[in-house]
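**Q** model the following, please.
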Amino acid sequence: MSKGLHLFSFGLLFALAAASAEAACTVPNQIFNGGVVDSAPVTADFNAIVTCLNQISPAGVANSVQLSNGSGGFSSVGPLTNGQLLIGSGGAPVAADLTAGTGIAIVNSPGGVTISTTGTLGGGGADWLNGAAVVKPTAANFTLQTSTIPPTGAAITATPRGMTLSATAVVNNTAMMAEMDAPAGHWQATMLGVYTGGISNFTLPSIAVRDVTNNRSVEFGISGREGGYRFDYFVRNGGIGFDSRVTDTELLDIGFPHPAQAIWQRLTYDGTNLIWSFSRDGEFFIPAFSIAAGSALTNLNKVGPAIVFAANTAQSWPATFHVLSWDVISQ
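**A** Purely as a prediction, here's the structure:
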């Protein structure tokens, strides 16, 4: 090897060694000022530097997570997909998604993980609302419909526990509904809701069904009744189906749940009848009222939570129907 080449090799070797100082790259042959440089030790030193650089170079593809391989170099995991985290495994960490437990919902997004409750209750003791049966409703799945003159400030609003159907002030002889498409064929809608507001006289938090073609609706629920309460079945029409009451059928029994408490309600369409049931625990439902669907409606297009304010409500307070659980299934 010529002197010029030896000088060039020495300079390059020095530069590589300096650039790799942070990684503690070492060479097997030391070169000193004034020493004789031979090709064999220079080549060995070059090979050592190359090996060292390969070890300290990032592993894997772009956006991989770098891990120590235990030998002075790197191994990699990933790239991670949306929401993935590095989780210990007793050996090398692994890329994994979080797993939702009972009552927990996890939504992964680019650069984010959102963890929320589904409304299921936990802890010991008696869970009289049956948190395990709760299906948290999504407000965006519903469309607000009202009578021609709406309750003041009628709105559907998402909450951490579900959604509300609310008005900032009650207006006599008005109604509002959070509706969605009813399934074709036989179906069952189950709701857990709690109403806050004046309930006399005959305000009806309910499950409603609407005939879009003929602008009629029916409502099933527990209403206030002159200091007491009752089961009510309304048939309404006018506007899109909420403006006027056509008929009102009541049932009186102290066994009905109080309308100011959380109530499990269920409405079943068996192909012929609409059957209203209630429950105090969300598990055992009592069918309390049945009527031929065709007696009031030709089409069962929409279903959802609703509030009907009668013509002689006692208060103009705000009203909120907090829907904590809503589930519609085909049967």
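**Q** need the nearest residue in space to residue 207, chain neighbours excluded.
**A** In space, and not counting its chain neighbours, residue 207 is closest to residue 267: 4.6 Å by Cβ to Cβ, 6 or more residues apart in numbering. C-betas here are computed from N, CA, C, even on glycine.
**Q** what about that neighbour, distance to residue 246?
**A** As for residue 267, its distance to residue 246 is 19 Å (criterion: Cβ to Cβ, to the nearest Å).
**Q** then residue 114?
**A** As for residue 114, its distance to residue 246 is 45 Å (criterion: Cβ to Cβ).
**Q** related to what we said a few turns ago, list the neighbouring strands of the strand or helix carrying the residue nearest to residue 207 plus their orientation.
**A** Using DSSP states H and E, residue 267 falls within strand 263-269. Strand 263-269 pairs in its sheet with strand 187-196 (antiparallel), strand 273-279 (antiparallel), by DSSP bridges.
**Q** kindly export that strand (C-alpha atoms) in CSV.
**A** Listed next in CSV are the C-alpha coordinates belonging to strand 263-269 (Å, rounded to 0.1, in the frame of the first residue of the first chain):
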residue,chain,number,x,y,z
ILE,A,263,-87.4,3.0,34.8
TRP,A,264,-86.6,0.0,32.6
GLN,A,265,-89.1,-0.1,29.7
ARG,A,266,-89.4,-2.5,26.8
LEU,A,267,-91.5,-2.3,23.7
THR,A,268,-91.9,-5.4,21.6
TYR,A,269,-93.3,-5.7,18.1
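**Q** residues in contact with the closest residue to residue 148 other than its chain neighbours?
**A** Distances taken as Cβ to Cβ, 6+ apart put residue 239 closest to residue 148, at 4.0 Å, once the chain neighbours are dropped. Residues near residue 239 by Cβ atoms under 8 Å, 6 or more residues apart in numbering: 147-148, 215.
**Q** ok, back up a step: more neighbours: which of residue 267 and residue 246?
**A** Neighbour tally, residue 267 and residue 246, criterion other Cβ atoms under 10 Å: the higher count belongs to residue 267, 25 against 13.
**Q** do I have it right that the more buried one meets residue 221?
**A** No - assessed by Cβ atoms under 8 Å, residue 267 is found out of contact with residue 221, at 9.6 Å.
**Q** what is in contact with the two at once?
**A** Common contacts of residue 267 and residue 221 (Cβ under 8 Å, 6+ apart): residue 207.
**Q** can you pull the contacts of residue 310?
**A** Neighbouring residues of residue 310 by Cβ under 8 Å, 6+ apart: 172-173, 201-204, 223, 245.
**Q** mind giving me the PyMOL command for buried ones among these?
**A** Buried members of the contacts of residue 310, defined by 16 or more other Cβ atoms under 10 Å, are picked up in PyMOL with:
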select buried, resi 173+201+202+203+204+223+245
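**Q** great, nothing more from me.
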